[in-house]
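>>> Fold the following, please.
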Amino acid sequence: MPTVTVVVAVYNIEKYIEKCIQSIIRQTWKDMEILLVDDGSSDESGNICDFYAKADDRIRVIHKVNGGLSDVRNVGLKEASGTYLLYVDGDDYIAPECVEKAVKCAECHEAEVVVFDYREIEESTGRRERWSMDIQREKKLTVRECPSLLIATPCAWNKLYRKTLWDRSKLRYPIGRVYEDLTVTPQILLNAESIVYLDSEPLYHYILREGSIMRSHNFKKSLDNRKAALEDVIAYFKEKNAFDTFRDELEYLMFEQVYFVPTKEVIYYDVQNEYRDRFRQYVFSVFPQADKNPYVRQWLSKKDKILLFLMKRRMYWGITWLSAMRKRIDLLRNRR
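As a prediction, this is how the structure comes out:
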C-alpha cells in the first residue's frame, strides 16, 4: 500500500497537464500512487495521461464520462489506496518537496489534515502572490481550539488528508456543482481530530487562467452554487450542534466567499452587470452585520480593506481604476 495517493483532476487542459504530471513524478517522496482522472476530455489531455502511465508504473489513468470536478474528487477518493490523500488540479503544479514535507509533518504530529501555503499565479500578467494564513504552525490543533482554521482557505488542494478521516466522516463532494470544496472543506475540518499547519514555503502553485471554471463569468451559476455551498455548510454545522460555536467563522465565510470575492469579480468584468449587487443582497439577508464580522478587520489585507470601503460606498469606478493600474504595473514588471 503506498503512503500517498495523489488524485489529479484532468479535463481539457492539454496545455497544462504535462507540467502538472512532471511536478508529481519528480517529487522527492517516491512512495505514492498517482491517479489521473480524465473527466471526459475532448482534447489531447487523456492521451497525454496515457503516455505518462506507460512510462511510470505509479500512474493509473481513469477515463470517465464527464461528471464535473466533484465527481472526479469522489472517484479519486474511492479508488485511492494510500494512507494519505492529496488533491491536485491538472492545470496547477506542486513544489518538488510538497509530498515529502506534508507526509513527514503528518507523521510527526499524527495529524489527520496538514495545511500548507500556496502561491497564486495570474497567467495573463505573471503576478505571483503568496497565500499564507495567520495560524500557529507545527502544532496539533482542532477547529474548536483554533476556529480560524475554518476560514484559512476552503480549497481542497492545499491539504494532505489521512484517508481514514474521509471514511469516518462519510463526506463526499456534491455532484454537479462548482465550489465543491467550499461546501466540503469546513465540514471535513470540523470532523478532524488533529490539524497541523505546516511551516514551509508555498508547496502548491495555483494558476489563475482565463477559461477556467472559476473565471467563466457565469454569475448566475456562481451565485447559485456559492449559496448552495454555504447553505450546506450552515445546515451541517447546525446538525452537529456547532453553529453557535462557530457563528463568526461561518459568517465570515459567507461574507468573503458569497459577497466580497464574487462581487469583485463582477465589477472587474462588467461594472454594470445585474449581478453586481445580488451577492450582497443575499449575504446580508442571512447575516445582516456580515461586514462588521471581527475577521473582516483581522484578516482582510490593506488592499482588500480599500476595495471594501469603495464597494460599500458604490464607488465602483475606484475599484476598476485600481485594478487597471495593478495590471499595468504587473505587465511593466514582466517586460523588464
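>>> How is A106 assigned, secondary-structure-wise?
At A106 the chain is in helix, as set by DSSP: H, G, I helix; E, B strand; the rest coil.
>>> and it, what is it in contact with?
Taking Cβ atoms under 8 Å, 6 or more residues apart in numbering as the contact definition, A106 lies against Y84, E112, V114, L160, R162, V196. Just so you know, the C-beta spots here come from the backbone N, C-alpha and C atoms, and that holds for glycine as well.
>>> Excluding chain neighbours, give the residue nearest to Y173 in space.
Of all residues not flanking Y173 in the chain, S70 sits nearest, at 3.7 Å (Cβ to Cβ, 6 or more residues apart in numbering).
>>> and what of Q27?
Q27 sits nearest to V99 (Cβ to Cβ, 6+ apart), 4.7 Å away.
>>> about what we covered before: host element of the residue nearest to Y173?
helix 69-79 (DSSP states H and E).
>>> And the contacts of that helix?
In contact with helix 69-79 (Cβ under 8 Å, 6+ apart) are residues 5, 7, 9-11, 35, 37, 39, 60, 62, 64, 85, 87, 89, 156, 163, 166, 172-178, 180, 213.
>>> Buried ones among these?
When the contacts of helix 69-79 are checked for burial by 16 or more other Cβ atoms under 10 Å, the buried set is 5, 7, 9-11, 35, 37, 39, 60, 62, 85, 87, 89, 156, 163, 166, 173-174, 177-178, 180.
>>> Just to be sure, which of these are found in helices?
Per DSSP state H, helices hold the following members of these: K163, W166, E180.
>>> check contacts around L165.
Contacts of L165 (Cβ under 8 Å, 6+ apart): E112, V113, I188, N191, A192.
>>> now it: how far from D43?
Counting by Cβ to Cβ, to the nearest Å, the gap between L165 and D43 amounts to 34 Å.
>>> Run a quick neighbour tally on V61.
Other residues within reach of V61 by the criterion other Cβ atoms under 10 Å amount to 20.
>>> Correct me if wrong: it contacts S45.
No: contact between V61 and S45 fails when scored by Cβ atoms under 8 Å: they sit 10.3 Å apart.
>>> what's the overlap in contacts for these two?
Counting by Cβ under 8 Å, 6+ apart, the contacts common to V61 and S45 are D38.
>>> Would you map the strands across the stretch 151-300 of the chain?
Secondary structure of the stretch 151-300 of the chain by DSSP state E, counting those that start in this stretch: the strands cover 159-162, 195-197, 204-208.
>>> Of those, give the one that comes closest to V103.
Between V103 and these, the shortest separation by Cβ to Cβ is 6.8 Å, and it involves strand 159-162.
>>> Pull the CA coordinates from the closest one and hand them back as CSV.
Taking C-alpha atoms only, strand 159-162 is exported to CSV below (Å, rounded to 0.1, in the frame of the first residue of the first chain):
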residue,chain,number,x,y,z
LYS,A,159,-4.1,20.0,2.2
LEU,A,160,-2.9,16.5,2.8
TYR,A,161,-5.6,14.3,4.3
ARG,A,162,-5.5,11.0,6.2
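>>> Counting by contacts, list what it packs against.
Of the remaining helices and strands, those touching strand 159-162 by 3 or more Cβ pairs under 8 Å, 6 or more residues apart in numbering; DSSP states H and E are strand 84-89, helix 98-109, strand 113-115.
>>> mean confidence score for stretch 89-102?
Within the predicted structure, the mean pLDDT of stretch 89-102 is 98.
>>> Also stretch 209-222?
Computed over stretch 209-222, the average pLDDT equals 72.
>>> can you check stretch 229-244 too?
Stretch 229-244 shows a mean pLDDT of 98.
>>> got it, and stretch 313-320?
Summarised as a single mean, pLDDT over stretch 313-320 is 90.
>>> No more questions from me, cheers.
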